[in-house]
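Engineer: Here is the input, now give the coordinates:
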Amino acid sequence: MKQQKKNSFFTLVFSFMPGAAEMYMGFMKNGLSLMGIFALGFIIPVVLRVNDVFILPVIVVWFYGFFHARNLAACKEDIFQELTDVYIWEEFGQGRQLQIASHTLRKWAAVILIVSGAVVLWENVTGIIYRLIPNWMWDYLAPLIDSIPRIVTAILLIVIGIKMVMGKKEEYHGEGEQ
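Structural biologist: Numbers count the residues shown, from 1 in each chain. Next up is the predicted model:
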């Protein structure tokens, strides 16, 4: 399908659904990949039953999709015709290949899977614990159980920050000794 500018009113209307306006203008790969990422942002929390964790990425993808479509529609005709239909993640390479080492990608995928698994596990375990706690103890234990994920997250952020500072310090000292 050839990319072409279409009716500006319909482009605006389709801009509210990430990927739809891109597909309307003929950028099928671009629109389908953006729409798929947006849909995954809804499917994953429903399947895992953790709606709170994924709301921010879904909002970011929605705004990105809206403004991406509006920027495409506002392009001058000659620039618009030079655009190629690529998947949305290929756009971030800006004409060069995105070079992410496979071990780095694997490491971040593992971190995301571990954190997602921990969130799902915590949601299910707390559901069981809530049913086991007698009503007379509920007022004392409920705030403690609810604050554990925030405490663990704060500890993890502090540990990651310390490791990053220590890594930079070692990197700095290593460069000066050469």
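Engineer: show me the contacts for the spatially most central residue of the chain.
Structural biologist: The structure's the chain has its C-alpha centroid closest to Pro57; by CA atoms, centre = their mean the separation is 4.2 Å. By CB atoms under 8 Å, 6 or more residues apart in numbering, the contact set of Pro57 is Gly41. To be clear about C-beta, it is placed using only N, CA and C from the backbone, and glycine gets the same treatment.
Engineer: Would you mind giving me the confidence score for it?
Structural biologist: As predicted, Pro57 sits at a pLDDT of 82.
Engineer: Now do it against Ile44, distance only.
Structural biologist: In this view, Pro57 and Ile44 are 10 Å apart by CB to CB, to the nearest Å.
Engineer: Any stretches of the chain with poor pLDDT?
Structural biologist: For the chain, the stretches flagged by pLDDT under 70 are 1, 47-54, 92-102, 105, 167-178.
Engineer: Determine the longest helix present in it.
Structural biologist: If you go by DSSP state H, the chain has its longest helix at helix 135-176.
Engineer: For the nearest residue to Thr126 once chain neighbours are set aside, grab the count of nearby residues.
Structural biologist: Among residues not flanking Thr126 along the chain, Ile145 sits closest, at 5.9 Å (CB to CB, 6 or more residues apart in numbering). Neighbourhood size, Ile145 [other CB atoms under 10 Å]: 15.
Engineer: Ile145 and Met137: what is the separation?
Structural biologist: From Ile145 to Met137 the distance is 11 Å (CB to CB).
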